[in-house]
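Chemist: need a 3D model of the following:
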Amino acid sequence: MDDLLKNFKIEVPKGIFIKDPESSNLGKRIIKHSIVLISELGFEQFTFKKLGQAINSNESSIYRYFESKHHLLMYLNSWYWIWIEYQLVIETFALRNAEEKLKKSVQIVTRTIEEDANFKHINEITLNKIIINESAKAYLTSDVDNENKEGLFMPFKRVVKRFSNIILEYNNTYKYPLSLANTVINGALNQYFFQEHFKTITNCNDTYSVTKFYTNLTLNTLKYGQ
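Modeler: You can find the predicted model right below:
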């Protein structure tokens, strides 16, 4: 298992980038510092010029890797969901009890993120904050259908489909596994946002976690839903 973790490589859809940032030290610095800057400034205020200043490189060098900051955000989104999918695979493959597997899957897609030492240039905790606050901006655009046809959102869609299959293992008669899967995944991001910014409209807090809420919701939906 340790060897598998060491050899695992996250491969983002090629259409998102011009040059793979994982292929060079500069590319890895672009990713590392973009996560920091987007978290600090917000996506609207983030620019390649500011990123270039942060990494002591020309703005033009960043354009050799990404066509636009929109594509950079899509890259961060894809990286994150591939990382989540990998956790779903690794942490559930040995589980044979359907309820245990379902609970573990809900935990993986809703839990508070911890930093992963296997990727030293990525701060997963900070990246998770970007996913919570900014990820919708990667697909709420007029180009979403074309980008979807090119497979640029495949990592997120794979997570939803994998989770929906686990839902069906628990209840193979449930009619809405994909809808429930994406509701849990996207809803968890919203709950973390509300927990931080709109505390008065969520029951999730330090005592009653997002994971606990969605575990309760998922199990009750599958037990009593049609």
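Chemist: next helix or strand past the helix or strand bottoming out on mean pLDDT in the chain?
Modeler: Ranking every helix and strand in the chain by mean pLDDT, DSSP states H and E puts helix 2-7 at the bottom, with a mean of 52. Where DSSP states H and E defines the elements, the next helix or strand beyond helix 2-7 is helix 25-41.
Chemist: distance from that next one to the middle of the chain?
Modeler: Helix 25-41 sits 16 Å away from the centroid of its parent chain (Cα atoms, centre = their mean, to the nearest Å).
Chemist: quick one: contacts of the helix or strand hosting residue 126?
Modeler: Per DSSP H and E, residue 126 falls inside helix 124-134. Outside helix 124-134, the residues that touch it by Cβ atoms under 8 Å, 6 or more residues apart in numbering are 35-36, 38-39, 42-43, 73, 76-77, 79-80, 83, 113-116, 189, 192-193, 196. Every C-beta, even on glycine, is put in place using the N, C-alpha and C of the backbone.
Chemist: which parts of the chain are helices?
Modeler: Ranges of helices in the chain, per DSSP state H, are 2-7, 25-41, 48-54, 59-63, 69-92, 98-110, 124-134, 144-149, 154-170, 177-197, 210-224.
Chemist: turn these into TSV, columns for distance to residue 17 and mean neighbour count.
Modeler: Formatted as TSV, these follow (distance: least, Cβ to Cβ, whole Å; neighbours: other Cβ atoms under 10 Å):
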stretch	distance to residue 17	mean neighbour count
helix 2-7	22	8
helix 25-41	9	18
helix 48-54	14	17
helix 59-63	11	15
helix 69-92	6	20
helix 98-110	25	20
helix 124-134	16	20
helix 144-149	13	12
helix 154-170	13	19
helix 177-197	24	17
helix 210-224	31	17
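Chemist: of those, which approaches residue 16 most closely?
Modeler: helix 69-92 (5.0 Å; Cβ to Cβ).
Chemist: got a markdown table for the helices of the chain, with distance to residue 14 too?
Modeler: What follows is these, written out as a markdown table (distance: least, Cβ to Cβ, whole Å):
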| stretch | distance to residue 14 |
| --- | --- |
| helix 2-7 | 21 |
| helix 25-41 | 14 |
| helix 48-54 | 20 |
| helix 59-63 | 17 |
| helix 69-92 | 11 |
| helix 98-110 | 26 |
| helix 124-134 | 21 |
| helix 144-149 | 13 |
| helix 154-170 | 11 |
| helix 177-197 | 24 |
| helix 210-224 | 33 |
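Chemist: alright, calling it a day.
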